[in-house]
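Visitor: generate a structure from the sequence data that follows.
(one chain, ligands or ions: 1)
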Amino acid sequence: MQIIFTIAELRKRLADERAIAFVPTMGNLHEGHLDLMRRAREHGSYVVASIFVNPLQFGPSEDFDRYPRTLEADCARLQGLADVVFAPSVNEMYPAQQTVFVEPPAIANELCGASRPGHFRGMATVVLKLLNIVQPQVALFGKKDYQQLHIIRRMAAQLNLPVSIIGCETVRAADGLALSSRNQYLSEAERGEAAFLYRTLQGLRQQILLGERDFERLQQQGVEALAARGWAVDYVAVRNQSDLRTVTGAQRELVILAAARLGNTRLLDNIEVCLAG
Ligand code: PAF
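Guide: Take a look at the predicted model:
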């Protein structure tokens, strides 16, 4: 496995590869990322991972500076899974001030976008840059970041990117907590509580499967259940899978999404609900 730091060297290395599967990451890899890497191998004969903490997708008061940077350990975990790791510096990715951006669809201002203005614009911009640099046939993303995956799919479709976007199931700890690099910010007590987010979503899903259709009430119930245990809730939302808009009619493929803070750590999760008939 080769570790490459510059765009020029990466382009040279990939010039003759025709079946590249790509997994973009911000590093601090956990089992969820490694699962993406294993799936990547099913989709391409050559597997590229990128590790880049993208300043463009962090707000001024967010955790860009303290985001864990663990390149050496990450590369050790990628041995045998990736053929190349691309780990550019900020200067390599943004040698001049970035003045051209991907303008994501309006849904980027809702859900996570409501409390993270500019986040999805910065995310979509770096993903497009990375796709242009790596030029993979397939790129894989986790469903834990459901809204991110939706926006990337829209970008790839509407900008006619020659890449297939694959969404992969969320990998969870034994108690149900979705794996995330940010979980390591949690104190021991917070880590014990953290799985309650997924349990809340499971409870709401069960109610929908049993026939509940008052989604406003369910959302409120989710918010109150979390708040009662000390969570600061950004949102609990029942949406359509296809466009992430509110459910207005007979849509049958739904998703319940939530983001909430436990102490200083913002966790997000989601669960799909497919109604029969
Ligand atoms: O999901 C992430 O880790 C990041 O948002 C991504 C897709 C690597 C872009 O920086």
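Visitor: give me the phi and psi for the residue of the stretch 151-277 of the chain found nearest the ligand.
Guide: Using C-beta to the nearest ligand atom, the closest approach of the stretch 151-277 of the chain to the ligand is made by I152 at 7.4 Å. Any C-beta I mention is one placed from the backbone N, CA and C, and that applies to glycine too. Backbone torsions for I152, taken as degrees, to the nearest 10, come to phi -70, psi -40.
Visitor: same check on L262?
Guide: phi -120, psi 110.
Visitor: enumerate the beta-bridge partners assigned to it.
Guide: For L262, the beta-bridge partners under DSSP bridges are T265.
Visitor: list the contacts for it?
Guide: If you count contacts by C-beta atoms under 8 Å, 6 or more residues apart in numbering, L262 has them with 186, 190, 193-194, 230-231.
Visitor: okay, now the residue nearest to F86 when sequence neighbours are not counted: neighbour count?
Guide: Leaving out its chain neighbours, the residue that sits closest to F86 by C-beta to C-beta, 6 or more residues apart in numbering is S50, at 4.3 Å. Neighbourhood size, S50 [other C-beta atoms under 10 Å]: 25.
Visitor: and for the one 3 residues further on?
Guide: V53 is flanked by 18 other residues according to other C-beta under 10 Å.
Visitor: and it, what does it touch?
Guide: 26-27, 64, 67, 69.
Visitor: how far away is it from V126?
Guide: According to C-beta to C-beta, to the nearest Å, V53 and V126 sit 10 Å apart.
Visitor: then D35?
Guide: From D35 across to V126, the span is 22 Å (C-beta to C-beta).
Visitor: which one of the two is surrounded by more residues?
Guide: V126 (23 against 19).
Visitor: and the contacts of V53 as JSON lines, adding distance to A40, secondary structure and neighbour count?
Guide: What follows is the contacts of V53, written out as JSON lines (distance: C-beta to C-beta, whole Å; DSSP: H, G, I helix; E, B strand; the rest coil; neighbours: other C-beta atoms under 10 Å):
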{"residue": "M26", "distance to A40": "17", "secondary structure": "coil", "neighbour count": "19"}
{"residue": "G27", "distance to A40": "16", "secondary structure": "coil", "neighbour count": "21"}
{"residue": "F64", "distance to A40": "27", "secondary structure": "coil", "neighbour count": "14"}
{"residue": "Y67", "distance to A40": "23", "secondary structure": "coil", "neighbour count": "17"}
{"residue": "R69", "distance to A40": "22", "secondary structure": "coil", "neighbour count": "13"}
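Visitor: before we move on, what SS does G167 have?
Guide: strand (DSSP: H, G, I helix; E, B strand; the rest coil).
Visitor: contacts for stretch 156-166, please.
Guide: 22, 39, 43, 102, 128, 131, 135-141, 149, 152-153, 155.
Visitor: so it, near the ligand or not?
Guide: No: judged by C-beta under 6 Å from any ligand atom, stretch 156-166 and the ligand are separated, with a smallest distance of 11.1 Å.
Visitor: sorry, back to before: go through the contacts of stretch 156-166 and flag which are in helices.
Guide: Using DSSP state H, the subset of these located in helices is 39, 43, 128, 131, 149, 152-153, 155.
Visitor: of those, which is the nearest to P88?
Guide: Distance to P88, by C-beta to C-beta, is smallest for L131 among these, at 14.0 Å.
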